[in-house]
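**Student:** Generate a structure from the sequence data that follows.
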Amino acid sequence: MKARTLWTAALLTGAMVTGFGMVTPPTRPTPFLPGDRCIRCDRLITDRWVGGQTTGGVDALKFRTVRCMLTYLRGAPAPYKQVWVSDGQTGKLIDPERAVFVPVPIDTYTGEHHYGLGDVDYVAFHDAKTAEAVATTHGVKTMTWAAVQYYAAWMPVTVPEAQR
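**Tutor:** Numbering: from 1, shown residues only. As a prediction, this is how the structure comes out:
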């Protein structure tokens, strides 16, 4: 009788562990897919080279731009475990701590009118030389992740009059 009880307990424990495993948050970024929308602004993500992503909930949270992600995280309702940014050269998601950022008018950079509603946003690069070349082209200086977080927190998000 005791062996049967132990067997039942082992099966129930295994089922619970498997069940909890199915709802654990993702720890790696997931690729941007056609039709993905920004969790913050609900706009279509059409340029995966300037986006961001966090993990920590049941699903990865995807963002249209780095600035959109930072604005969301400032008032995030739930903790997140990891932040990722798109490499402006390859589109691959990379660790922002290892990236070099270039502040650019995002509409000009993406070539899409109203992509960032006329704001300056931050494009990440894994390769520092590429970041320097892009910064020189735009007449700006490169930034670290800490600097991006600081400036994004204090610079107001502006919406052009035509979009209000």
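**Student:** now the helices for the protein?
**Tutor:** Secondary structure of the chain (DSSP state H): helices located at 2-22, 66-74, 106-110, 128-138, 145-154.
**Student:** Tell me which residues of the shortest one come out buried.
**Tutor:** Read that as helix 106-110. I106, D107, Y109, T110 (16 or more other C-beta atoms under 10 Å). Where you see a C-beta, it was placed from the backbone N, CA and C, and this is true even at glycine.
**Student:** In this structure the first one contacts H113, no?
**Tutor:** Meaning I106. No: look at I106 against H113 with C-beta atoms under 8 Å: they stay out of range, at 11.0 Å.
**Student:** between the buried residues of helix 106-110, which is nearest V134?
**Tutor:** Relative to V134, the closest of these is Y109; by C-beta to C-beta it sits at 8.3 Å.
**Student:** Give me the pLDDT for the closest one.
**Tutor:** Looking at Y109, its pLDDT is 74.
**Student:** Likewise for the one 5 residues further on?
**Tutor:** Reported pLDDT at H114 in the predicted model: 67.
**Student:** Tell me how far the closest residue to V140 other than its chain neighbours lies from A152.
**Tutor:** Of all residues not flanking V140 in the chain, P103 sits nearest, at 5.4 Å (C-beta to C-beta, 6 or more residues apart in numbering). Per C-beta to C-beta, to the nearest Å, P103 is found 10 Å from A152.
**Student:** got it, and T46?
**Tutor:** T46 is 21 Å from A152, by C-beta to C-beta.
**Student:** Could I get the contacting residues of the nearest residue to V85 once chain neighbours are set aside?
**Tutor:** Once flanking residues are discounted, V85 sits nearest to A124: 4.1 Å by C-beta to C-beta, 6+ apart. Residues in contact with A124, defined by C-beta atoms under 8 Å, 6 or more residues apart in numbering, are V66, V85, S86, D87, G88, I94, P96, A99, V100, F101.
**Student:** Sort out for me which of these are in strands.
**Tutor:** Of these, the ones assigned to strands by DSSP state E are V85, S86, I94, V100, F101.
**Student:** for I39, what are its contacts?
**Tutor:** L61, K62, F63, Y72.
**Student:** export the residues you listed to TSV and tack on pLDDT, neighbour count and distance to K129?
**Tutor:** Formatted as TSV, those follow (pLDDT from 0 to 100; neighbours: other C-beta atoms under 10 Å; distance: C-beta to C-beta, whole Å):
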residue	pLDDT	neighbour count	distance to K129
L61	90	20	31
K62	93	25	28
F63	93	30	26
Y72	87	19	31
